[in-house]
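[1] pasting the sequence and the predicted coordinates here, then a few questions.
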Amino acid sequence: WSALQWKSSNEAIHAFADAAAGHSAPIRGQLQLFNDLEAGTTRTPEYVRDAFQTCDSYAQVMERLKVSRHDVIRWLETDPELRIEWKTRLRTEKLLECIEQIKDCTKSTPQIGLSGLERSCSAELRWMRDHAPNLLATLLKSVSNSRSAQAQLKY
């Protein structure tokens, strides 16, 4: 807020001290510099939100919006809801891709075993160890340890 047109400088100083202490009441001459934002509102433009809903990386967002990496990071820092939504969507998509790749690998080579799966899908297994270890453990229980026929992967 800003104190304008006070009767005296002392009145302005006291109004400022009251406001700083949280005891301020609206007084003639006091103007709001910033409107109180409603809880849950976001200042991120809708076209930016749309870009984050369809793009899978900083580079894609930068390309689509024709902005710098700094702008992308700034939008994510100032809008925690957008950041959480984007992160959740990317994580879910990556998880589904990993599961699908592992399933395809075990279907194409029914007797692959754990070591073969580790060689064929190392990136997917590494990602799942970091981000979905319980689901990975469930998937790996279905992979045969020996040269026996591959069981159906459960998910």
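    Now that the structure is in, tell me what you want to look at. Numbers count the residues shown, from 1 in each chain.

[2] show me the shaky parts of the chain.
    For the chain, applying pLDDT under 70 flags the ranges 1-6, 22-43, 144-155.

[3] hmm, Leu139 and Leu117 touching each other?
    No. In terms of CB atoms under 8 Å, Leu117 does not count as a neighbour of Leu139; the distance is 9.5 Å. Where C-beta positions appear, they are placed from N, C-alpha and C, glycine not excepted.

[4] name the residues contacting each of these two.
    Ile102 (CB atoms under 8 Å, 6 or more residues apart in numbering).

[5] neighbours of Thr78, how many?
    12 (other CB atoms under 10 Å).

[6] tell me which other helices or strands the longest helix along the chain touches.
    Longest helix of the chain, by residue count under DSSP state H: helix 80-108. Helix 80-108 is packed against helix 46-54, helix 69-78, helix 113-120, helix 122-131, helix 133-141, with contacts defined by 3 or more CB pairs under 8 Å, 6 or more residues apart in numbering; DSSP states H and E.

[7] which strands or helices does the fourth one pack on?
    This points to helix 122-131. Short answer (3+ CB pairs under 8 Å, 6+ apart): helix 122-131 packs on helix 80-108, helix 133-141.

[8] can you list those helices in CSV and add distance to Ile13 and mean neighbour count?
    Formatted as CSV, the helices and strands packed on helix 122-131 follow (distance: least, CB to CB, whole Å; neighbours: other CB atoms under 10 Å):
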stretch, distance to Ile13, mean neighbour count
helix 80-108, 37, 15
helix 133-141, 60, 14
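
[9] for those helices, give me a markdown table that also has distance to Thr44.
    Compiled in a markdown table, those are given as follows (distance: least, CB to CB, whole Å):
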| stretch | distance to Thr44 |
| --- | --- |
| helix 80-108 | 6 |
| helix 133-141 | 32 |
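
[10] right, so of the ones you listed, which gets closest to Ala21?
    The stretch from the helices and strands packed on helix 122-131 with the least distance to Ala21 (CB to CB) is helix 80-108; that distance is 29.5 Å.

[11] fine by me, we can end here.
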